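Trainee: build me a model from this:
(one chain, ligands or ions: 2)
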Amino acid sequence: MKAPSAAPQSIEAILRQVFGYDALRPLQADIIRNVLEKQDTLVVMPTGSGKSLCYQLPALRFDGLTVVVSPLISLMEDQVSQLREWGVDAVFLNSTLGYQEYRQTTAQVRQGRVKLLYAAPETLLRPETLVLLEQSRVDCLAIDEAHCISAWGHDFRPEYRQLRSVRRRLPQAVCVALTATATLRVRQDIQQTLGLDQANTFIASFDRANLFLEARPRTNGLQQVLDFLTDHRDESGIIYCATRRQVDMLAEQLRASGWSALPYHAGLDGATRRRHQRQFTQEDVLIMVATVAFGMGIDKSNVRFILHYDLPKDLESYYQQIGRAGRDGLRADCLLLYSYSDVHTINHFIEQAAPAEQRGATMRLQAMLRYAEATGCRRRLLLDYFGETYEANTCDTCDVCLAEERPLVDVTIPAQKFLSCVKRTGEQFGVNYVIDVLRGSKAKRILQRGHDRLSTYGIGLEFSKKQWQHLARQFIQQGLVDQDMEYGSLTLTTKAYAVFKGEPVRAELHEEQGASAGRSPAQLDYDTDLFALLRAKRKDLADAAHIPPYVIFSDRSLAEMAIYFPQSPASFARIFGVGQVKIEKYADLFLPIIQAYCRERDIPEGEKPAATRPAPRAGERTTAVATLYNSGKSIPDIAALFGVKTSTVLSHLWKAAQTGQALRPDGLRDLSQLPPETQARVLAAFAELGADYLRPVYDALEGAVDWDELHLLRLYHVAVQE
Ligand code: ADP
Ligand code: ZN
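Mentor: Ligands and ions are numbered 1, 2, ... in the order given. Now for the predicted structure:
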C-alpha cells in the first residue's frame, strides 16, 4: 500500500485527501496542533466525537511511527482495516496473530514501512516488542481507553499501569491519552500516572446533538417496541433488556413478527455471541436484542436507534449505551421505556450490595428516575448530571422540548391533501410512499404504478419529507388514518371523511432548519431509493472484502451522494468521507450507479455548499493570561500566580495569538536563554517556514534548539508582526 505522500502536507490537505472530511471538529484542531507540537495531551471526549483522528492525523505528519495501545481486539482490527481503506499503512499486533503474520508485521515495522502500529497492552509489554520499538523511531504513543489505567474507573486493567515504563523507554515520543470517561478522579489518576500537565487536557462537551431523547412509561411493552420499529424499518439498532430471559423472549417475538433480530447475552456460548456480534457489524439492517453485556468495542457507525426496554440502573450506564448510536453524526433515536416494577428490581439488587455502596447506588437510581420522568428538557438534565451547563433553553431534540414548544396550527388543507392521497393510491401504502407521491418523487415504484398521473401527485411541495412524516404521525395519533401493524399501510377512518367535509385539523408543525442553522444537519433529506441502491452496492463490496460495510463508506457518505448526486470524480471528491484513495478505489463502482439513476429521472447534479469552519475561541483562562501579560506582568510572574509552569503560560499566549489577540513583543525575547545569533537563526526560520507548526523549524535547525525555546521565539515572531 502506498503512503499518502512523502512531502509534508497541511492538516487541511490530509483531512480532505486521506480522510475525506471538510473540517476538523472544534476540539480536534486544538488537540492535533498540540500533539504535533509534541506536547503530551489528555483527551476526554464522548464516544463518537472523533477521538481517533486526534492521533491518526498527526501520525501522517510525523516521520516516525505512531504506536496505539488499545485493549479491545475487535476494535483494533476494525480501525486498522478502516485505515487501510484510506490508504494508510497500519498494522496490529495482538494475540490473534499467528507466528508468520507476527514475523511479517514486525519486519514491516523494522523497515519503517508502517505509520500506525496498534497493539494490545500485553503484546506491547513483551520484551521483544519493546526492543523493536526502541530500535524504531516512535514519534507518538497513543493510549486509547486511558481510563483503564485507573482503579477508580469502571474498567481497570493492571497492565495499563505498566505503560508508564513504556513511556520512559520512548522519551522522544509524544504521549496522547484518550478516554470517554469523564469523572474528575479518573482524569487526575491518568494525569498523575502518565505525568501529564493540566494545561494539556482537553475535555469535550458531552452533548450529542444528533441523539433524539425520549422516555415513556412502559404500558404494553411489545406493542410499543413494534410501533417504534415501524418508524425504523430498514435500520439497525439495539434493544437493551434487563434480563436474559427478556432478551430471549423479545428476540423471539420480533422474529415471529418478521423482524431480523438476534439475541445477545452472557448466557449464550462464546461462539454464538461472536457470530451474532459479527452479523450485527456486517449487516445494514439488523436488530440486536441484548443485555448490557453487548456493546463494548462495537464500532458500527450507523446504529440508528437504541431502545431501552427497562430502566437502566444509572445515567452513567444509560449515557454509555445510547452513546453507541449515531456515531456517523446522523440522527439516531433513543427511546427509554420504564415502569415502577423496574425500580423495585433494581432496589432489590442494591439491597444485596455491600452497605458502603448502597447509598451511592440509590442516589444514582433516583437520578435515573428523575430523567425518565423529566418534565423539563432531558438533554439539559443529562448534561447537568455530568457537570456541564446546557446554554440553550430548549434543545428541540427531546420529546419534552418538542411537546412544549410547538403551538398547534391549522393544518386542515395539508391533512386533506394527505388523506386524499392515501385514498387515491388505494389505501395500500405506507407513510413514506404517500409522502413521495405528494412531493412528486420520480422513484421507479411510483412511475411504474402510474401514480405520477394522480391529481394528488406533487401537490405537497410546501413541506419537506421530514415535516410530512411528522404530520403523518400526528394524523395517525389523531385517528384520521389507521396503520397496519405488519405492513405499515394506511387506511382512512370515518374521521378522515369528516375532514374531507371541512372538519378542522390542528397539529404541530416541524420548522425546517435551514442549511444556515448552524448545527450540522442531524437528519439529511436524501433520495431513499438511490440510497438503497448505493447501500446494496456497498454491502456486496463489503462481503467480498470481508469487512464491515461502514468501513467502505459511512451512511453519511451515501446520504450525501443521494442528496448532491455527484456525477464526476471531482464532485464525488467533495462528498463527506471521500478521500483520495476512496476515489481511486470506489468512484468507478459508485458513480455509474448515480449516473444511471440520474439519467433515468433527469436529475441534475447538485451543488454541495462549501463547509464553514468554526472560528477558534479562546477559553477564560487564556483570555485572563493574555490580559495580564499585556498589562505588563512578566511570564514567570503569571506562572507563579496561577501555579503553573512557564510553558503553560506560553501555550495560553499562543492560543490567544491564534484567536487574533495582539501581544506585546517585549517580555518574550529576553526570556530566551539562547545566544543572540541562534535566536536570529530561529526567527529567520519562522519567517521562512511560517509559524503554524514547530516541527519544520525544529527540523530545519536540525534539532539544535529545544521545544521550549521554539515556543517562546515563535510567540515573539508573531508578536512583532502585529
Ligand atoms: P470515538 O473514538 O471518539 O468514539 P471515532 O474516532 O470513532 O470516535 O469517530 C466517530 C466518527 O466520526 C467516525 O465515523 C469518524 O470517521 C467521524 N469523524 C471523526 N472526525 C471527523 C471530522 N473532523 N469530520 C467528520 N467526521 C469525523
Ligand atoms: Zn430538550
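Trainee: name the element the nearest residue to residue 82 once chain neighbours are set aside belongs to?
Mentor: Of all residues not flanking residue 82 in the chain, residue 551 sits nearest, at 5.0 Å (C-beta to C-beta, 6 or more residues apart in numbering). Bear in mind the C-beta positions are built from the backbone N, C-alpha and C, glycine included. Here residue 551, judged by DSSP states H and E, is contained in helix 549-552.
Trainee: next, count neighbours for residue 359.
Mentor: If you count neighbours by other C-beta atoms under 10 Å, residue 359 ends up with 10.
Trainee: for it, what are its contacts?
Mentor: For residue 359, no residue meets the contact criterion (C-beta atoms under 8 Å, 6 or more residues apart in numbering).
Trainee: and it, how far from ligand 2?
Mentor: 30 Å (C-beta to the ion, to the nearest Å).
Trainee: that's a helix at that residue, yeah?
Mentor: Yes - counting by DSSP: H, G, I helix; E, B strand; the rest coil, residue 359 is located in a helix.
Trainee: residue 414 against residue 463, yeah?
Mentor: Yes - using C-beta atoms under 8 Å, residue 414 is in contact with residue 463, at 6.9 Å.
Trainee: what sits in contact with each of these two?
Mentor: Common neighbours of residue 414 and residue 463 (criterion: C-beta under 8 Å, 6+ apart): residue 471.
Trainee: which other residues reach the helix holding residue 551?
Mentor: So helix 549-552 is in contact with 78, 81-82, 85, 282, 284, 300-302, 328, 535, 538-539, 541-542, 545, 586, going by C-beta under 8 Å, 6+ apart.
Trainee: does any bit of it sit next to ligand 1?
Mentor: No - on the criterion C-beta under 6 Å from any ligand atom, helix 549-552 is out of touch with ligand 1, staying 7.6 Å away.
Trainee: send the alpha carbons of that helix over as CSV?
Mentor: Extracted in CSV, the C-alpha atoms of helix 549-552 (Å, rounded to 0.1, in the frame of the first residue of the first chain):
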residue,chain,number,x,y,z
PRO,A,549,-19.9,-2.0,5.2
TYR,A,550,-19.3,1.2,7.0
VAL,A,551,-15.6,0.8,6.6
ILE,A,552,-16.1,1.4,2.9
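Trainee: list the buried residues in the worst-scoring helix or strand of the chain on mean pLDDT.
Mentor: Lowest on mean pLDDT, DSSP states H and E among the helices and strands of the chain sits helix 399-405, with a mean of 75. Of the residues in helix 399-405, 399-402 count as buried by neighbour count, 16 or more other C-beta atoms under 10 Å.
Trainee: over to stretch 435-452?
Mentor: By 16+ other C-beta under 10 Å, the buried positions in stretch 435-452 come out as 435-439, 441, 443, 446, 449, 451.
Trainee: narrow the residues you listed to those in helices?
Mentor: With DSSP state H as the criterion, helices contain 435-438, 446 from among the buried residues of stretch 435-452.
Trainee: remind me what the longest helix seen in the chain packs against, helices and strands.
Mentor: As assigned by DSSP H, the longest helix anywhere in the chain is helix 580-601. Judged by 3 or more C-beta pairs under 8 Å, 6 or more residues apart in numbering; DSSP states H and E, helix 580-601 is in contact with helix 73-85, helix 528-545, helix 569-572.
Trainee: any idea which of those is most buried?
Mentor: helix 73-85 (a mean of 19; mean count of other C-beta atoms under 10 Å).
Trainee: CA atoms only: put that one into PDB for me.
Mentor: Written as PDB, here are the backbone C-alpha positions of helix 73-85 (Å, rounded to 0.1, in the frame of the first residue of the first chain):
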ATOM      1  CA  ILE A  73      -9.000  -6.600  19.900                       C
ATOM      2  CA  SER A  74     -12.100  -6.300  17.600                       C
ATOM      3  CA  LEU A  75     -12.000  -2.500  17.700                       C
ATOM      4  CA  MET A  76      -8.300  -2.600  16.900                       C
ATOM      5  CA  GLU A  77      -8.800  -4.800  13.900                       C
ATOM      6  CA  ASP A  78     -11.700  -2.600  12.700                       C
ATOM      7  CA  GLN A  79      -9.600   0.500  12.900                       C
ATOM      8  CA  VAL A  80      -6.700  -1.000  11.100                       C
ATOM      9  CA  SER A  81      -9.000  -2.100   8.200                       C
ATOM     10  CA  GLN A  82     -10.600   1.300   8.100                       C
ATOM     11  CA  LEU A  83      -7.100   3.000   7.900                       C
ATOM     12  CA  ARG A  84      -6.000   0.700   5.100                       C
ATOM     13  CA  GLU A  85      -9.200   1.600   3.300                       C
END
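Trainee: after it, which helix or strand is next?
Mentor: Remark: after helix 73-85, the chain's next helix or strand is strand 90-93, criterion DSSP H and E.
Trainee: list of residues touching that following strand?
Mentor: Residues outside strand 90-93 that contact it (C-beta under 8 Å, 6+ apart): 76-77, 79-80, 83-84, 102, 105-106, 108-109, 114-120, 123-124, 129.
Trainee: so residue 288: helix, strand or coil?
Mentor: Put simply, residue 288 is strand when judged by three-state DSSP.
Trainee: contact residues of the chain facing ligand 2?
Mentor: For the chain, the residues found near ligand 2 under the criterion C-beta under 5 Å from the ion are 377, 379, 395, 398, 401.
Trainee: coming back round to it: tell me the one of the buried residues of helix 399-405 nearest ligand 2?
Mentor: Using C-beta to the ion, residue 401 comes nearest to ligand 2 of the buried residues of helix 399-405, at 3.3 Å.
Trainee: how near is that closest one to ligand 1?
Mentor: Here the criterion is C-beta to the nearest ligand atom, to the nearest Å. By it, residue 401 lies 25 Å from ligand 1.
Trainee: do residue 413 as well
Mentor: Between residue 413 and ligand 1 the distance is 41 Å, computed by C-beta to the nearest ligand atom.
Trainee: test my guess that residue 320 contacts residue 46.
Mentor: No - if you go by C-beta under 8 Å, residue 320 and residue 46 don't touch, sitting 9.2 Å apart.
Trainee: since that was my last question, I'll sign off now.
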